[in-house]
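Engineer: Here is a sequence with its predicted model. Questions after.
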Amino acid sequence: MKPVIFGLSGDRMTDEERAFFRDVDPAGYILFKRNIVDRTQLRALTDDLRGLSGRDDLAILIDQEGGRVSRMQPPEWPAFPPGGAFNALYDVAPMSAIEAARANAEAIGLTLSEVGITVDCLPLLDVRVPETHDAIGDRAFGNEPLRVASLGRAVIDGLKAGGVVGIVKHMPGQGRALVDSHHELPTVSASADDLAQDLAPFAALKNAPMGMTAHVVFEAWDAERCATMSPVVIQDIIRGQIGFTGLLMSDDLDMKALKGDVPQRAADCVAAGCDIALNCWGRFDEMVAIANLLPEITADARTRLDTAMATIRPVDHFDRIAALTEKRDALLALA
């Protein structure tokens with residue numbers, strides 16, 4: 001198995017992709033709008049990926065946060081609110097906000113489980129500051145570590161109830177980023193003492209099954225390399241100070257925050273300590289080059305992957321999606 005999660009080019013595997021994936025055996029896949037038509041097509045695609053891999057617990061990822069980050073959209077699927085909606089409710093009714101976040105996440109999980117998706121890139125545990133870039137913006141749960149951790153835990157629990165693994169992101173915190181890492185590299189100059197509040201939600205959820213790194217330079221820890229590429233940040237901060245025990249993957253390696261070609265980025269992030277490299281765009285020649293550069297997955301990384309996927313169980317209560325979203329909406333109306 002190669003320590004990489006690949007994207008696909010379209011709404012079904014091409015013959016070329018099928019042969020390549022069978023040979024390489026990636027750790028998992030990630031889906032985007034280009035891969036999605038409707039329930040029937042999407043379920044057939046995920047079943048096909050599972051059949052090819054021979055793994056019933058195959059990691060099939062999606063970014064289904066709600067709000068502007070939603071790959072599965074109406075009218076085929078329900079709309080889900082962004083994290084900021086639960087932050088607003090927390091201002092007036094913290095326990096109601098936590099329950100609303102959990103109900104919402106369970107509904108998301110059920111919509112994903114129904115079509116064979118097993119992992120959601122959610123929740124964001126980035127703590128906002130007044131200058132936080134809109135790339136994070138209303139996706140975040142707020143500016144207080146306890147609030148962010150409480151809502152994040154509710155999301156992890158809700159997704160699990162819906163049959164899906166959650167990913168805490170963007171470790172060790174992207175809330176202080178003043179630019180969008182999709183386009184340029186953020187550099188954070190805050191002191192290690194100030195950064196303690198950014199680490200706090202991740203430390204509270206250090207036993208989450210999966211985590212994702214931030215393409216952000218933290219001058220207090222490693223002024224030369226972003227977190228994704230930094231052995232110092234990964235080993236000393238994420239694994240050490242935070243105490244994170246789960247599967248650690250990079251954020252999308254195609255982002256313009258990073259230097260060099262994408263295959264080398266994949267090799268570098270794994271060498272730095274990421275368990276898995278994330279390559280989203282399904283460019284065939286790029287995927288071949290990545291597979292050629294990467295070693296086989298380490299025993300520790302494979303154990304973390306298997307442990308994460310073993311946290312979920314099959315669900316069949318898909319008829320509860322409407323009731324869960326109605327409960328969420330009634331609670332959000334209190335804000």
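Structural biologist: Done, it's in.
Engineer: Then residue 287 would be within a helix, right?
Structural biologist: Yes. Under DSSP: H, G, I helix; E, B strand; the rest coil, residue 287 falls within a helix.
Engineer: residue boundaries of the strands in this protein?
Structural biologist: For the chain, the strands defined by DSSP state E occupy 2-7, 26-31, 59-62, 64-66, 69-70, 119-120, 165-171, 187-188, 210-213, 217-218, 247-252, 276-279.
Engineer: What's the mean pLDDT across the last one?
Structural biologist: To tie it back to what came earlier, the one meant is strand 276-279. The pLDDT scores in strand 276-279 average 98.
Engineer: Paired strands for it, with orientation please.
Structural biologist: Sheet pairing of strand 276-279 (DSSP bridges) gives strand 2-7 (parallel), strand 247-252 (parallel).
Engineer: want to throw these into a markdown table with distance to residue 238?
Structural biologist: C-betas here are computed from N, CA, C, even on glycine. Supplementary listing: these in a markdown table, determined by distance: least, C-beta to C-beta, whole Å:
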| stretch | distance to residue 238 |
| --- | --- |
| strand 2-7 | 17 |
| strand 247-252 | 7 |
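Engineer: In space, what's closest to residue 136 - neighbours in sequence excluded?
Structural biologist: residue 126 (5.4 Å; C-beta to C-beta, 6 or more residues apart in numbering).
Engineer: Which stretches in the chain count as helices?
Structural biologist: 15-24, 39-53, 83-92, 94-114, 145-161, 192-204, 231, 262-272, 284-293, 299-309, 321-332 (DSSP state H).
Engineer: Burial check on residue 240, number of neighbours?
Structural biologist: 12 (other C-beta atoms under 10 Å).
Engineer: So it versus residue 156, what's the distance?
Structural biologist: 22 Å (C-beta to C-beta, to the nearest Å).
Engineer: Residue 307 too?
Structural biologist: For residue 307, the distance to residue 156 - C-beta to C-beta - is 15 Å.
Engineer: the more surrounded of these two?
Structural biologist: More crowded of residue 307 and residue 156, by other C-beta under 10 Å: residue 156, with 26 against 14.
Engineer: just checking, that one touches residue 207?
Structural biologist: No. Assessed by C-beta atoms under 8 Å, residue 156 is found out of contact with residue 207, at 9.6 Å.
Engineer: before we move on, back to that, tell me which of the helices of the chain approaches residue 64 most closely.
Structural biologist: helix 94-114 (5.7 Å; C-beta to C-beta).
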